[in-house]
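Enquirer: missing the sequence, but the structure's below:
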């Protein structure tokens, strides 16, 4: 894979300090991208995991170093702490060198859409779980990641590409799907309240691009199970990309375009209203 140039990137739930962080794929990605703006949407460092079991290999230091080098080279980096790195929220009024700290951030896309980014643990009370993994229990989720880790060790030995057993099994749990739907609804409600066109979250380790009630909901996923991020191209189109052995586009906001005359990707509801008005004029 060669160099990739983007206007904006959103990454979250890297969980540096956790032994299940897919740091090798992350390092490969960090060494191959260029972007004007990088928005880190929380849980970059897993302080919870480090507190219970210290794990910090040189590869995790290298990931931090690569991020700081990008900031020094002129890439604007906005860091929105999540629940696993919530201790950093105490220092929001300061910056970490060239890295800006914020509780949330509204980005304006190339085609003028306002996109709110926040981690998503703000919605835990509405989802009715302190975190999505509590559906399985901490021990159950850890065991699931353990199976995922060993399965993919075997797949690497047999030259098979990465595959997330954890994500597959979670997709089969009805309560997990219900929690994801509640989370999505809470995020869309927040976006409407903030008068933005779209919202980017992390937190639940479920990468997704979808539209709900005229709001585009985007989740950039994670680097524990899915190895995914969101990338805005210079024409304003946003892609959900998985980065393992090969870069793979999983979804795109391109499908929300109605016709070439619509400059905003996310003005679907407004476009429908205009079409209805035109039809009424023709009938009159």
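Expert: All right, it came through fine. On a predicted model such as this, the values are computed, not experimentally measured, just so you know.
Enquirer: Point me to the helix or strand that includes residue 181.
Expert: Using DSSP states H and E, residue 181 falls within helix 174-193.
Enquirer: Could you do residue 156 as well?
Expert: Secondary structure assigned from DSSP H and E places residue 156 in helix 138-157.
Enquirer: what is the mean pLDDT for that helix?
Expert: In this model, helix 138-157 has an average pLDDT of 72.
Enquirer: what's the very next helix or strand once past it packed up against?
Expert: With elements assigned by DSSP H and E, the helix or strand that comes after helix 138-157 is helix 165-171. Applying 3 or more C-beta pairs under 8 Å, 6 or more residues apart in numbering; DSSP states H and E, we find helix 165-171 packed against helix 138-157. C-betas here are computed from N, CA, C, even on glycine.
Enquirer: And the contacts of the helix it packs on?
Expert: With C-beta atoms under 8 Å, 6 or more residues apart in numbering as the contact definition, helix 138-157 has outside contacts at 19-20, 133, 136, 161-166, 169-170, 224-225.
Enquirer: doesn't residue 44 make contact with residue 17?
Expert: No. Counting by C-beta atoms under 8 Å, residue 17 does not reach residue 44; the two are 9.6 Å apart.
Enquirer: List the strands paired with whichever helix or strand residue 115 is part of, with their directions.
Expert: In the assignment (DSSP H and E), residue 115 maps to strand 114-117. Strand 114-117 sits in its sheet next to strand 105-108 (antiparallel), strand 198-201 (parallel), going by DSSP bridges.
Enquirer: so what's the residue most central in space within the chain up against?
Expert: The chain has residue 220 as the residue nearest its centroid, 1.8 Å off, counting by C-alpha atoms, centre = their mean. Residues counted as contacts of residue 220 (C-beta under 8 Å, 6+ apart) are 10-13, 41, 200-202, 207, 228-230, 240.
Enquirer: Tell me the one among the residues you listed nearest to residue 50.
Expert: Nearest to residue 50 among these: residue 13, at 15.2 Å, using C-beta to C-beta.
Enquirer: In the chain, what helix or strand scores lowest on average pLDDT?
Expert: Of all helical and strand segments in the chain, the minimum by mean pLDDT, DSSP states H and E falls on helix 268-283, at a mean of 58.
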